[in-house]
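Undergrad: Sequence unavailable; structure follows:
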């Protein structure tokens, strides 16, 4: 959900509370401060993709579900694995080509530079959570797929 240009994932709070965990306990598990974790829940900061993946692995929920891309949980997700920048880059490039986009067009959509898109696609840099979320919402593609946690593109 986007409010005032800030991405808010309310399911972070709901899932944590369903597991009967305090913000402090979740923050400890993710190896961040409680204040940092609190900013992710309130939308003051966007959770980094690597930490979102850790959260998914810990809570056994998909990125698509946590981020509100889908409303029901799925069971075709490969959890308990680290993100691979090369896989993400390859899938991002494949998505871009399948949608007839040039790097500069995707960069314009995300309000970034073509060199940033190139760095993502070459696996040099991990894509930002906000960017992968925007792509998933606009193009109806699974965040879990783009991150290599799922074989099927559709959310």
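TA: Alright, I've got the coordinates. Just so we're clear, the structure is a prediction, and the values are computed from it rather than from any experiment.

Undergrad: right, and the helix or strand after the helix or strand hosting residue 29?
TA: In this assignment (DSSP states H and E), residue 29 forms part of helix 23-30. Where DSSP H and E defines the elements, the next helix or strand beyond helix 23-30 is helix 34-42.

Undergrad: for that following helix, packing partners?
TA: The contact analysis (3 or more Cβ pairs under 8 Å, 6 or more residues apart in numbering; DSSP states H and E) places helix 34-42 against helix 11-18, helix 23-30. For every residue, glycine as well, the C-beta is placed using N, CA and C.

Undergrad: where in this protein is pLDDT low?
TA: Residues of the chain meeting the criterion pLDDT under 70: 1-8, 75-76, 80, 152-155.

Undergrad: So which residue is dead centre in it?
TA: residue 129 (4.5 Å; Cα atoms, centre = their mean).

Undergrad: Can you verify residue 47 is assigned to a helix?
TA: No - counting by DSSP: H, G, I helix; E, B strand; the rest coil, residue 47 is located in no helix; its state is coil.

Undergrad: Number of residues surrounding it?
TA: For residue 47, the neighbour count with other Cβ atoms under 10 Å is 25.

Undergrad: What residue, apart from its backbone neighbours, is nearest it spatially?
TA: residue 40 (4.2 Å; Cβ to Cβ, 6 or more residues apart in numbering).

Undergrad: was I right about that neighbour contacting residue 12?
TA: Yes - contact criterion Cβ atoms under 8 Å: residue 40 and residue 12 qualify, at 6.2 Å.

Undergrad: Perfect, I'm done here.
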